[in-house]
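**Student:** predicted model, plus sequence, below.
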Amino acid sequence: MRMVNLRVSYNARRVALVLAAVFVLSFLLLPGQLQSVFQNIGGPFGWILSWPLQGVAGIHDRIAGVWGRYVSLQGVEEDNRQLRRELELLKEQNAQLRESSAATERLATLLEFKKQALPNLVAAQVIGRDTGNWYKTIILNKGTSDGLQPDQGVITPAGVVGRIVKTTSSTAVVLLVTDPNNAIAGLIQRTRDEGIVEGTTQGQARLKYIPLLSSARPGDRVVTSGLVEGFPRGLAIGTITRIDKEEEALFQSAELTPEVDPNRVEEVLVIQSSVVPTEKERFSIPKTRP
Amino acid sequence: MKGFIYVTIVVSLVPIQSVLLPHVTLWGVKPDLGFVAVCLIGLIAGEFDGLLVGLAIGWALSLFSAQDVISGAVLKGAVGFLAGLAGRQVVYLSPVVLVLGLLAISCLAGVVAPFALKLNSQQDLWWAVWTVVLPQACLDAMIGGAIYWLMWSRLNVEQLMSESRM
């Protein structure tokens, strides 16, 4: 039997009691101030903690890579066949969209619409998930030293992933679009009705505050409306699967299936800057050419 | 030596909790190893160590979560402090009693968490208890019990704890 003495003196216990009391009191009286102090102090501490985190994530990725490449290859042939079919379909859709894009460009030039500025994107890798069970987040391998800041939008080519809520110098925490505490301004692409997209406890998303007279229906796509910081207009959020209309309610809501499966996302793009239209720009009537 | 052990625990908990544990979930809920570590440290080393290590672990874990830094640190610190106080009141602690104790404290901390974190209205107490608190408490108790049983069989835990009460 080995014996380790981990105990401290009686004085230390009294210090602990006082320290605990002071800390709880300051937590109750000055929550905001303490929050920012701890977050700032946590910067270098988080940088140090990110080394083992990135190390373990690297080893984990290598093992997952070996598993994916050599072990779990069952069903790949069927996947390949299905993907080829989808590729053919997408090629056809792409050709149609090119035509529409050219037509839109011509019309936009005629109406002198202001072109939406392309945002700066930073690629980042997912190295971990939330350390707790209360929030749905992912951890990225880039932080403030790469220009990442809280409230920046995070996307993949398929659509919206979430929003950065916390950063250290080398990592960033992204609150996923499926988290109930996240809210993104959305727009139904077909009807142009606006609402707020919020996550649900079931891991899906919900578009709230849709006008009662809206003709939204299952299958409609929801995109970002570009009215809040972080996301430019037109990024895919999800597809409506169900409309909920309650009696005597002022609005209707819709259940969405997110475009991006947050549990499988490995690489993301962070939107560093996007132009949000001002009220004046939004409501002004575009000048037409004589 | 003690400081080194604590620093190692704090530093290693972050990658384990965020990279490895998402693969070991029960109904989508993963155990909180930070909670288990803080309880055991508080119980064995006393309320002072429990408080300080709890604050450090809570702070470190909340830096890599959407959870606010202060509530994370305060909750873990309080758990460590209470575990230390509880450790002084018991003469003999078997792994079974520890498992039941961990289950109870994890449930208590889990019930407090939604109020401290000011979650969305969808995440009410009923939802929290059934989907997060109970599965997490079961996992915490199982893992804590297993670690304590290992320590119990290899170290002289009773002597360690009784010396602390002098």
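**Tutor:** Nice, I can see it. Numbering: from 1, shown residues only, chains lettered A, B, ... in the order given.

**Student:** tell me the residue of the stretch 101-250 of chain A that sits nearest chain B?
**Tutor:** Per CB to the nearest CB, residue A:128 is where the stretch 101-250 of chain A lies closest to chain B, at 3.4 Å. For glycine as for every other residue, the C-beta is placed from the backbone atoms N, C-alpha and C.

**Student:** grab the nearest non-local neighbour of that residue.
**Tutor:** Leaving aside its sequence neighbours, residue A:128 sits nearest to residue B:18 (CB to CB, 6 or more residues apart in numbering or on different chains; 3.4 Å).

**Student:** ranges for the helices of chain A?
**Tutor:** Residue ranges of the helices in chain A, as given by DSSP state H, are A:10-29, A:31-66, A:76-111, A:279-283.

**Student:** got these as CSV, with mean pLDDT and distance to residue B:100 columns?
**Tutor:** As requested, the helices of chain A are arranged in CSV below (pLDDT from 0 to 100; distance: least, CB to CB, whole Å):
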stretch, mean pLDDT, distance to residue B:100
helix A:10-29, 71, 25
helix A:31-66, 77, 32
helix A:76-111, 84, 48
helix A:279-283, 54, 60
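
**Student:** give me every residue that touches residue B:57.
**Tutor:** By CB atoms under 8 Å, 6 or more residues apart in numbering or on different chains, the contact list for residue B:57 reads B:9-10, B:13, B:34, B:37-38, B:76.

**Student:** mind checking what secondary structure the residue nearest to residue A:128 has?
**Tutor:** Secondary structure, DSSP: H, G, I helix; E, B strand; the rest coil: residue B:18 is helix.

**Student:** please name the bridge partners of residue A:271.
**Tutor:** Per DSSP bridges, the residues bridged to residue A:271 are residue A:121.

**Student:** residues near it, how many?
**Tutor:** Neighbour count of residue A:271, defined by other CB atoms under 10 Å in any protein chain shown: 21.

**Student:** now swap in residue A:161 and tell me
**Tutor:** As a burial measure, residue A:161 scores 26 neighbours (other CB under 10 Å).

**Student:** per-residue confidence for it?
**Tutor:** In this model, residue A:161 is scored at 93, pLDDT.

**Student:** and for the one 5 residues further on?
**Tutor:** With respect to pLDDT, residue A:166 has a value of 89.

**Student:** for the biggest helix by length in chain B, list the C-alpha coordinates in CSV.
**Tutor:** Determined from DSSP H, the single longest helix within chain B is helix B:95-117. Taking Å, rounded to 0.1, in the frame of the first residue of the first chain, the C-alpha atoms of helix B:95-117 are listed here in CSV:
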residue,chain,number,x,y,z
PRO,B,95,-17.1,2.4,-3.4
VAL,B,96,-20.9,1.7,-3.3
VAL,B,97,-21.6,4.6,-1.0
LEU,B,98,-19.3,6.8,-3.2
VAL,B,99,-21.3,5.8,-6.3
LEU,B,100,-24.6,6.8,-4.6
GLY,B,101,-23.1,10.0,-3.3
LEU,B,102,-21.7,10.9,-6.8
LEU,B,103,-25.1,10.1,-8.3
ALA,B,104,-26.9,12.4,-5.8
ILE,B,105,-24.3,15.3,-6.1
SER,B,106,-24.3,15.0,-9.9
CYS,B,107,-28.1,15.2,-10.0
LEU,B,108,-28.0,18.2,-7.7
ALA,B,109,-25.4,20.0,-9.7
GLY,B,110,-27.2,19.1,-12.9
VAL,B,111,-30.5,20.6,-11.6
VAL,B,112,-28.7,23.9,-10.6
ALA,B,113,-26.9,24.2,-14.0
PRO,B,114,-29.9,25.2,-16.2
PHE,B,115,-30.7,28.1,-13.9
ALA,B,116,-27.1,29.2,-13.7
LEU,B,117,-26.6,29.0,-17.5
